[in-house]
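Chemist: this is the structure alone, sequence omitted:
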């Protein structure tokens with residue numbers, strides 16, 4: 001909502017009967033959903049960590065939006081709260097607790113971490129070779145971190161590819177498909193893009 005339009009509408013519709021604190025609180029509510037996001041499954045600190053991890057997994061490029069622009073962290077948090085059973089939720093909570101410990105967050109404030117800290121964690125667990133993966137299985141903490149990061153990566157890709165903006169603007173999209181053409185390349189059919197539907 002545009003603040004100028006909000007002020008104009010308030011003054012036209014109600015006149016000057018509103019007190020200054022009421023107007024101020026109304027204007028403060030004119031934030032985008034992303035800025036006002038409060039996690040429902042994760043803690044606020046874990047929400048910050050999730051946003052930073054997802055941003056590294058699917059960053060913004062010149063041609064495509066990043067995961068943050070299509071609200072992937074919000075989707076993952078909601079999915080963990082509403083789409084997972086209690087047993088898996090308990091595993092995810094333990095996994096996030098292990099991630100928070102592994103990041104060694106200064107003064108319990110994840111905003112003080114640098115991108116390199118998140119990148120090092122992702123590289124250690126998601127770029128591990130087979131030998132390292134076998135070692136992770138012997139440690140409960142490493143296993144939890146790996147499984148949770150792998151979960152975040154999988155859900156990030158799924159949420160990103162199924163978002164409306166990516167489906168219609170980034171992937172090949174045709175809401176009313178035409179005739180079926182067999183034996184043509186993907187380049188000829190969609191310009192090399194995967195279908196969104």
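Modeler: Sure thing, it's come through. Keep in mind that this is a model prediction, so the values were computed, not measured. Residues are numbered from 1 along each chain as shown.

Chemist: just the helices in this protein please.
Modeler: 3-14, 20-28, 44-57, 72-82, 86-103, 115-126, 130-138, 140-162, 164-165, 186-190 (DSSP state H).

Chemist: out of these, which is closest to residue 63?
Modeler: Residue 63 lies closest to helix 164-165 among the helices of the chain, at 13.1 Å (C-beta to C-beta). Heads up, the C-betas are built off the backbone N, CA and C, glycines and all.

Chemist: just to revisit the earlier point, out of the helices of the chain, nearest to residue 174?
Modeler: With C-beta to C-beta as the criterion, residue 174 lies closest to helix 186-190 of the helices of the chain, at 8.7 Å.

Chemist: picking that back up, lowest-confidence stretch among the helices of the chain?
Modeler: With a mean of 37, helix 20-28 has the lowest mean pLDDT of the helices of the chain.

Chemist: rewinding a little: turn the helices of the chain into TSV, including mean neighbour count and distance to residue 172.
Modeler: What follows is the helices of the chain, written out as TSV (neighbours: other C-beta atoms under 10 Å; distance: least, C-beta to C-beta, whole Å):
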stretch	mean neighbour count	distance to residue 172
helix 3-14	11	37
helix 20-28	11	41
helix 44-57	20	23
helix 72-82	20	21
helix 86-103	16	33
helix 115-126	15	28
helix 130-138	11	35
helix 140-162	18	12
helix 164-165	11	14
helix 186-190	12	4
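
Chemist: output these as JSON lines; include the columns distance to residue 64.
Modeler: Output for the helices of the chain, formatted as JSON lines (distance: least, C-beta to C-beta, whole Å):
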{"stretch": "helix 3-14", "distance to residue 64": "30"}
{"stretch": "helix 20-28", "distance to residue 64": "32"}
{"stretch": "helix 44-57", "distance to residue 64": "13"}
{"stretch": "helix 72-82", "distance to residue 64": "13"}
{"stretch": "helix 86-103", "distance to residue 64": "26"}
{"stretch": "helix 115-126", "distance to residue 64": "19"}
{"stretch": "helix 130-138", "distance to residue 64": "30"}
{"stretch": "helix 140-162", "distance to residue 64": "9"}
{"stretch": "helix 164-165", "distance to residue 64": "10"}
{"stretch": "helix 186-190", "distance to residue 64": "15"}
